[in-house]
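Colleague: with the input below, show me the fold.
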Amino acid sequence: MSAEKNILLLDSETRRSQALADRLYRMGFVVRRAKTAEDAFQLAAERGLQFGAALVPPDLPVANLAGALTACGRRLDDGSLVWLVVGRSPEPERMQALRDAGVRLALWEPFDDGALRFQVNRALAGLCEIAPRRELRVPVGLATEIRAGARRKVAGVYTLSAAGAFLETPRPSLKGAPVSLDLPIGAGITAEGRVVYTNVPGNLRKRTLPVGMAIAFTGLPDEAEQVIRRRVAEKALSLVL
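Modeller: Numbers count the residues shown, from 1 in each chain. Okay, the predicted model is just below:
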């Protein structure tokens with residue numbers, strides 16, 4: 001059996017699933033598409049695949065959604081498969097059916113690549129990643145200006161928490177470097193921080209993370225911290241069922 005965890009994209013709509021698969025391929029994920037659960041079972045058996053997460057649309061056409069997803073999870077990953085629903089937000093009855101079927105994570109349209117990357121990585125990390133962290137973090141899709149000494153550069157904020165942020169930039173600063181950044185949240189926040197991790201091109205790059213750097217805040221006013229916490233909490237609620 002391959003040790004690599006694949007992502008199952010279970011969707012009978014070929015054009016829709018191909019478009020989503022293409023986005024995930026570009027991010028470095030290994031995606032396998034199947035129209036039905038039986039197709040997924042056959043794919044796993046023929047190629048010796050292991051699945052670490054599964055994506056489904058809200059309108060998956062099965063009569064017994066809970067039974068279908070439970071059986072699928074048991075056969076593909078011993079019942080520990082994490083399900084992520086991706087698509088248009090459905091009616092309350094369907095939302096409840098997804099919850100009853102054990103779907104824990106959600107990504108509703110419209111969403112950018114950062115949110116998609118975040119939720120898929122979260123699903124692949126397993127149930128432990130769905131539980132509360134020391135500091136809750138979420139994808140935000142914001143732009144920021146970074147200042148490192150006399151240098152200034154624009155970056156994207158991939159994820160944000162009250163403790164720090166991951167910034168997308170092709171030229172990350174060195175680990176340990178002090179930086180300051182402006183966050184367009186509320187009336188505007190200026191935060192001091194220090195680089196604690198970089199993901200740069202090369203053999204050690206983590207493919208499913210953007211190129212950039214993780215920042216730990218070292219100077220954040222109390223009022224600004226509360227503004228960030230509220231923004232993070234609101235976003236987090238939209239990412240779960």
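Colleague: and the strands in this protein, which stretches?
Modeller: 5-10, 31-34, 50-56, 82-87, 105-108, 138-148, 151-160, 164-168, 178-183, 189-199, 212-219 (DSSP state E).
Colleague: got the buried residues for the first one?
Modeller: It stands for strand 5-10. Residues 6-10 are the ones in strand 5-10 that count as buried (16 or more other Cβ atoms under 10 Å). Placement of C-beta: from N, CA and C, glycine included.
Colleague: list the buried residues for stretch 44-60?
Modeller: Buried residues in stretch 44-60 (16+ other Cβ under 10 Å): 44, 49, 51-58, 60.
Colleague: spatially, which two of those are the most separated?
Modeller: Leu49 and Pro58 (25.0 Å; Cβ to Cβ).
Colleague: could you point out the longest helix of this structure?
Modeller: Looking across the chain with DSSP state H, the single longest helix is helix 222-237.
Colleague: please state the offset of that one from the chain centre?
Modeller: 18 Å (Cα atoms, centre = their mean, to the nearest Å).
Colleague: what is it packed up against?
Modeller: strand 138-148, strand 151-160, strand 189-199 (3 or more Cβ pairs under 8 Å, 6 or more residues apart in numbering; DSSP states H and E).
Colleague: now distance to Ser173 and mean pLDDT too, for those, in a markdown table please.
Modeller: Compiled in a markdown table, the helices and strands packed on helix 222-237 are given as follows (distance: least, Cβ to Cβ, whole Å; pLDDT from 0 to 100):
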| stretch | distance to Ser173 | mean pLDDT |
| --- | --- | --- |
| strand 138-148 | 5 | 94 |
| strand 151-160 | 8 | 94 |
| strand 189-199 | 5 | 95 |
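Colleague: got these as CSV, with mean neighbour count and distance to Val120 columns?
Modeller: Formatted as CSV, those follow (neighbours: other Cβ atoms under 10 Å; distance: least, Cβ to Cβ, whole Å):
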stretch, mean neighbour count, distance to Val120
strand 138-148, 19, 11
strand 151-160, 18, 13
strand 189-199, 17, 16
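Colleague: turn the ones you listed into a markdown table, columns for distance to Glu168.
Modeller: Output for these, formatted as a markdown table (distance: least, Cβ to Cβ, whole Å):
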| stretch | distance to Glu168 |
| --- | --- |
| strand 138-148 | 10 |
| strand 151-160 | 4 |
| strand 189-199 | 9 |
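Colleague: nearest to Val85, out of the ones you listed?
Modeller: Across these, Val85 has its closest neighbour in strand 138-148 (16.4 Å, Cβ to Cβ).
Colleague: just the CA coordinates for that closest one, please, in PDB.
Modeller: C-alpha atoms of strand 138-148 as PDB (Å, rounded to 0.1, in the frame of the first residue of the first chain):
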ATOM      1  CA  VAL A 138      -8.400  30.700   9.900                       C
ATOM      2  CA  PRO A 139      -7.800  31.600   6.300                       C
ATOM      3  CA  VAL A 140      -8.500  35.300   5.600                       C
ATOM      4  CA  GLY A 141      -7.300  36.200   2.100                       C
ATOM      5  CA  LEU A 142      -6.100  39.700   3.000                       C
ATOM      6  CA  ALA A 143      -3.300  41.900   1.700                       C
ATOM      7  CA  THR A 144      -0.700  43.400   4.000                       C
ATOM      8  CA  GLU A 145       2.500  45.500   3.900                       C
ATOM      9  CA  ILE A 146       5.500  44.000   5.700                       C
ATOM     10  CA  ARG A 147       8.300  46.100   7.000                       C
ATOM     11  CA  ALA A 148      11.700  44.500   7.800                       C
END
